[in-house]
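Colleague: Sequence plus the predicted model coming up.
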Amino acid sequence: MRTLAPARIADLWQRTVPWRWLTPSTLLIAGVVGFPALYMVYMSFLDISRIGVVRGMAGLDNYARLLKEDALGPVVVNTLLWLLIVVGLTMLLSLALAQFLSKPFFGRKFVRLALVVPWATSLVMTATVWRFIYEGGNGLLNRLLMDLSIISVPVDWYKDPATALYSIMAVGIITSMPFTTYVLLSGLQTVPHDVLEAARMDGASAWATWRRVTLPILRPSLMIALVLNMLHVFNAFTVIWVIMGKTAGTHADTTVTYLYKIAFTAQLDSGEAAALGVLNVTFLLLLILAFVLLLRPHRNPAAADKTSEPARELPAEEPPVEETFAGGPPGAAPRGPAPVRRSRPALVRAGRGWARIRPVVLPIIGFAVALFFLAPYAAMLFGSLKTDAELFAVPADYLPKNWAWSNYADVWRRIPLADYFRVSLTIALASTALVLVVAAPAAYVLARSRFRGRTAFLSVILVTQMFPAVALLIGLYRQAVFVDGVNSYLVIIAINSAFNLAFAVWILHAHFGAIPVEIDEAAMMDGLGKFRIMLRMIVPLAAPGVVTVMIFTFIQVWNEFVIALTLFNDPASGRVPLTVGVQQFIGLYETNYQYLFAAALMAIVPAVILFALIEKHLVSGLTAGSTK
């Protein structure tokens, strides 16, 4: 018995190796995501005073009071309209744009970089410039539409209840398109070129090839983009909050912004806000369930191999594409893309005509697309160089008459901009370091080990990716109050790290898994342990993935707004991040856009440069991650 005990302990120690590697990430997720979620549910049954004192159990009173709110019905309708219109148009436009960017043409790199700008830029800054564009008599959009004789009088785009929600929807679509386009672009890169070539040689038209070959292979990426878009759009806070500002009423609110007003501005009712938060999270859980069910048929690697393998090894003498892809006895479900049909002669002639003009037309379209996405930031640049009189001139001037370069110097004196940069830089660097330290061991053990509970952990990672911090805002705030962590660096760093952990594990897992396991075996024969193998061998070989995670996490934290606004906003002690600090230029009756834009551009340019550096690796990472 004495000789068996050490062996059993050694065996137990060996079997728990994966979970010991996963402990840091598990603790971070449980503490920052799990506890606030559960406590938010508990709060929804508590009677909490306006100053946050718990007076006892309230039962279902919070839910009953919420359902009696006069504004709830219109807000729910706004939310459904917001979700359906923004997601629907984003998916359609992004699919077209991804298909366009998958074609080779002169200037394609420039167009892709232009698409990166709104993705890399903080939503606070993007929403602010669109608020400027949407202004009434002095707004650039009104000036443009009046010059084109589309309208005869200025429109109060975001102040008029009839147009406010739809104006913000347009911004929601524009800011959602870059990520969606890149997800779909990564999916298009998984379509085997020899399959497309086989369809072309068989005489299939471009439309038939896309509908019957490309679309079935792209379906998993479409589902991923659809559900992630629904979750992102449903939880949209920053765009609505920044554009609407202190405008009275709830005519443009969704359930997320309405929750914030109930909890922190209008009613100060944490219990009722928690009840609405629970309903929001329940809806998100239903979306996640739909995500799992929809993608389940595409998770079998063997099935995927069967679908793509015949096309990959198709000899020249093999039957045409329709026979190859029909696969199986008559009446059986097709295992791959549907059969394609031969092109009609008219379509063939049209295709030849298009081939002649394509080298000219595609760059022109690309330039127009790039101009569209860059135009708001050009307006920001020109606005930063205008004087007060020029900013509020009616009608608006497109370009400054007196180029006020002094605005860039004056902004440092008007607000403590250096402190804002220092705070944001500290939080972003610390959060990025913590994410790497926690995510690398988790990704390595998931890529190299098969153990009980592995699927469950990956599911938890997926859930945290789908729950942004704003969904759990009430629980996070109460947790920060418990630990005296409001305006604490440790709390804001932990929260930012937890909600960026999933993406880091996803990307690193894909890159680590692509490294041959023989490298680990050779290093073990040389006497290296698992940790040193990861640190000395695997991490350097996965450098592109590591750099992608570092820059992506840094930018996400650098641009974060709603958590900082709620939990880290103390001007007296100098603890205000840049995204929150610049908002003091926006007043109820006047907005100093020139200084706001000057500060915004100084924050945007480094983020865009960093994002441009990882653009190629980001697409390959999304491709690898989606096939795992």
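Modeller: Okay, I see it.

Colleague: Could you report the pLDDT at Gly327?
Modeller: Looking at Gly327, its pLDDT reads 39.

Colleague: Kindly report the same for Pro192.
Modeller: 78.

Colleague: ok, it to Thr214 distance?
Modeller: From Pro192 over to Thr214 the distance is 10 Å, taken as C-beta to C-beta, to the nearest Å. Yep, even glycine has a C-beta here, placed from its N, CA and C like the rest.

Colleague: more crowded one of those two?
Modeller: Thr214 (20 against 15; other C-beta atoms under 10 Å).

Colleague: Can you name the next helix or strand after the host helix or strand of Ser431?
Modeller: Following DSSP states H and E, one finds Ser431 within helix 417-448. Using DSSP H and E, the helix or strand that follows helix 417-448 in sequence is helix 454-466.

Colleague: What is that following helix packed up against?
Modeller: With contacts defined as 3 or more C-beta pairs under 8 Å, 6 or more residues apart in numbering; DSSP states H and E, the packing partners of helix 454-466 are helix 17-29, helix 215-234, helix 270-295, helix 417-448, helix 501-513.

Colleague: Could you tell me the angle between it and helix 417-448?
Modeller: 160 degrees (axes from the mean of the first three to the mean of the last three C-alpha atoms, to 10 degrees).

Colleague: Give the rounded mean pLDDT of stretch 457-468.
Modeller: Mean predicted confidence for stretch 457-468 is 74.

Colleague: for stretch 593-612, same thing?
Modeller: 85.

Colleague: And for stretch 401-415?
Modeller: Rounded mean pLDDT across stretch 401-415 is 90.

Colleague: ok, now how distant is Leu578 from Pro416?
Modeller: 11 Å.

Colleague: Between the two, which has more neighbouring residues?
Modeller: Higher neighbour count among Leu578 and Pro416: Leu578, with 28 against 15, using other C-beta under 10 Å.

Colleague: how close does the closest residue to Val117 other than its chain neighbours get to Met550?
Modeller: Distance criterion C-beta to C-beta, 6 or more residues apart in numbering; nearest residue to Val117, sequence neighbours excluded, is Val608 at 5.5 Å. From Val608 across to Met550, the span is 16 Å (C-beta to C-beta).

Colleague: next one: Asn500
Modeller: 11 Å.

Colleague: What is the neighbour count of Asn402?
Modeller: Asn402: 10 neighbours (other C-beta under 10 Å).

Colleague: which residues does it contact?
Modeller: Each residue near Asn402 by C-beta atoms under 8 Å, 6 or more residues apart in numbering is listed here: Thr387, Glu390.

Colleague: Using the three-state scheme, assign it.
Modeller: When classified by DSSP: H, G, I helix; E, B strand; the rest coil, Asn402 comes out as coil.

Colleague: what domains does the record give for this protein?
Modeller: 72-252+299-329, 415-628 (automatic domain parsing).

Colleague: between those domains, which gets nearest to Pro395?
Modeller: domain 72-252+299-329 (4.7 Å; C-beta to C-beta).

Colleague: what about the longest helix anywhere in the chain, distance to the chain center?
Modeller: Using DSSP state H, we find that the single longest helix of the chain is helix 345-384. A distance of 26 Å separates the centroid of the chain from that of helix 345-384, by C-alpha atoms, centre = their mean, to the nearest Å.

Colleague: what's the answer for stretch 579-586, then?
Modeller: 23 Å.

Colleague: now do the same end-to-end measure for that stretch.
Modeller: End-to-end distance for stretch 579-586, by C-alpha to C-alpha, to the nearest Å: 12 Å.

Colleague: Buried residues of it, list them for me.
Modeller: Thr579, Val580, Gly581, Val582, Gln583, Phe585, Ile586 (16 or more other C-beta atoms under 10 Å).

Colleague: and the third one, what pLDDT?
Modeller: In other words, Gly581. 88.

Colleague: element containing Leu89?
Modeller: helix 72-101.

Colleague: I meant to write Asp47 there.
Modeller: strand 46-48.

Colleague: residues making contact with that strand?
Modeller: With C-beta under 8 Å, 6+ apart as the criterion, strand 46-48 contacts Val54, Arg55, Gly56, Met57, Ala58, Asp61, Asn62, Asp269, Ser270, Gly271, Ala274.

Colleague: Can you list the strands that that strand pairs with?
Modeller: strand 54-57 (antiparallel) (DSSP bridges).

Colleague: Show me what the mean pLDDT comes to for the strand it pairs with.
Modeller: The model assigns strand 54-57 a mean pLDDT of 88.

Colleague: What about Asn235, how many residues nearby?
Modeller: When neighbours are counted by other C-beta under 10 Å, Asn235 comes out with 21.
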